[in-house]
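K.L.:
what's the 3D shape of this:
(one chain, ligands or ions: 2)
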Amino acid sequence: AQTLTILGLESSCDDTAAAVVRQTDGEMAQVLSSVVYGQTDLHSAFGGVVPEIAARAHAEKLDICVRQALDEAGVRLSDLDGIAVTAGPGLIGGVLSGVMCAKGLSTASGLPLIGVNHLAGHALTPRLTDGIGFPYLMLLVSGGHCQYLIAHGPEEFTRLGGTIDDAPGEAFDKTARLLGLPQPGGPSVEAHSHGGDPDRFRFPRPLLDKPGCNLSFSGLKTALMRMRDQIVAEKGGLTRQDRADLCAGFQAAIVETLAEKTRRALQLYMERNPPEPVVAVAGGVAANAAIRAALESVCAEQGARFTAPPHHLCTDNAAMIAYAGLERFRAGAQDGTDLTARPRWPL
Ligand code: KG4
Ligand code: ZN
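P.N.:
Residues are numbered from 1 along each chain as shown. Ligands and ions are numbered 1, 2, ... in the order given. Okay, here's the model as predicted:
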């Protein structure tokens, strides 16, 4: 059996990350190290990720990340079989920083270079954490992405649908901002929804009346703004209970929409008669307990297994990039020094 050890680099958004993953053919892969430097502090004053600041911070942190990932894994460059790097999609300056760093390392060491699609990294994570086989249904829900995919192979995905505007994490973040709650919005809105009445405010259920698996979340924030402004106009401000009710109503709309669209995606996937039907979820929003519970019950109802990677491998990280690179490399793929950074790169 062949053992492969791959270094992965990730810098497509606001996390600089490096990781080492090892896998012996036919066995579960091991994460030997996974280092993530977040940039939330650098961007917090601007209300969003500033691409130029992100790119500069990635360029500064990548070397440190790589050294730390190798040290923590207890390996040297010469112990590696390849260097995987996110080549897109993402903020182009950040992706370029990572690709340049990987090319430098590859040229200096003679190790193969493997470009990885960031979305494939997320989508393959349940194979890394749970060893599941192809095909499986994947729901990717984060601050930047929202899509349903059937994964057939390391580079073979069928997209069943996705958001036509905002990602759900973005909707959570905007909701938090509108209600004066701290960022990231997902955890604060979830926390404030406890004790809230989800039926006091009726949020829209976008696209539920339309067939298919597409989603839309931008209308929720408009609805929320209107409700908030009306309360403020009537009473001069929001009480703690108003906030809780708004958070609960907003979250219920997201939960219900995701549950119903997952039911539809699952039906399309089940039509292919998968031997062991599995639904996997990944991305930061997968941390939400109400969303997880709703997806789990849809899976139970349809006879599919549900799996979600641990939180630190759901959010952006380089272990998923190293692992996706390892799968590509095992399948015989690698890239040359002409590897380009791609801002857009659908699966
Ligand atoms: O995957 P991620 O770390 O980064 C990318 O967007 O790529 O996801 C971050 C998003 C943020 O929008 C955050 O608000 C959301 O995930 N999030 C949550 C929860 N925890 C994080 N959304 C809902 N509920 C949560 N508990
Ligand atoms: Zn991501």
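
K.L.:
Tell me who's in contact with Glu260.
P.N.:
Contacts for Glu260 (Cβ atoms under 8 Å, 6 or more residues apart in numbering) come out as 205, 208. Where C-beta positions appear, they are placed from N, C-alpha and C, glycine not excepted.

K.L.:
Could I get the phi/psi values of it?
P.N.:
Per-residue torsions, Glu260: phi -70, psi -40 (degrees, to the nearest 10).

K.L.:
Which pLDDT value belongs to the residue in the stretch 201-347 of the chain positioned nearest to ligand 1?
P.N.:
Residue nearest to ligand 1 within the stretch 201-347 of the chain: Gly284 (2.2 Å; Cβ to the nearest ligand atom). Per-residue pLDDT puts Gly284 at 90.

K.L.:
tell me which element the residue lying closest to Gly47 once chain neighbours are set aside falls in.
P.N.:
Nearest residue to Gly47, sequence neighbours excluded (Cβ to Cβ, 6 or more residues apart in numbering): Arg177, at 7.1 Å. Arg177 is part of helix 168-178 when elements are defined by DSSP states H and E.

K.L.:
contacting residues for Val95?
P.N.:
If you count contacts by Cβ under 8 Å, 6+ apart, then Val95 has 11-12, 86-89, 341-343 around it.

K.L.:
Leaving out sequence neighbours, find the closest residue to it.
P.N.:
Ala341 (4.1 Å).

K.L.:
Need phi/psi at that neighbour.
P.N.:
Dihedral angles for Ala341 - degrees, to the nearest 10 - are phi -90, psi 130.

K.L.:
residue ranges of the helices in the stretch 101-250 of the chain, please?
P.N.:
Applying DSSP state H, counting those that start in this stretch to the stretch 101-250 of the chain gives helices spanning 118-130, 168-178, 185-193, 218-235, 240-270.

K.L.:
how about JSON lines for those, with mean pLDDT and distance to ligand 1 added?
P.N.:
Listed next are the helices of the stretch 101-250 of the chain as JSON lines, based on pLDDT from 0 to 100; distance: least, Cβ to the nearest ligand atom, whole Å:
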{"stretch": "helix 118-130", "mean pLDDT": "96", "distance to ligand 1": "8"}
{"stretch": "helix 168-178", "mean pLDDT": "95", "distance to ligand 1": "3"}
{"stretch": "helix 185-193", "mean pLDDT": "97", "distance to ligand 1": "2"}
{"stretch": "helix 218-235", "mean pLDDT": "96", "distance to ligand 1": "13"}
{"stretch": "helix 240-270", "mean pLDDT": "97", "distance to ligand 1": "8"}
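
K.L.:
In JSON lines, list the ones you listed along with distance to Ala304.
P.N.:
Shown next, in JSON lines, are these (distance: least, Cβ to Cβ, whole Å):
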{"stretch": "helix 118-130", "distance to Ala304": "13"}
{"stretch": "helix 168-178", "distance to Ala304": "21"}
{"stretch": "helix 185-193", "distance to Ala304": "25"}
{"stretch": "helix 218-235", "distance to Ala304": "27"}
{"stretch": "helix 240-270", "distance to Ala304": "6"}
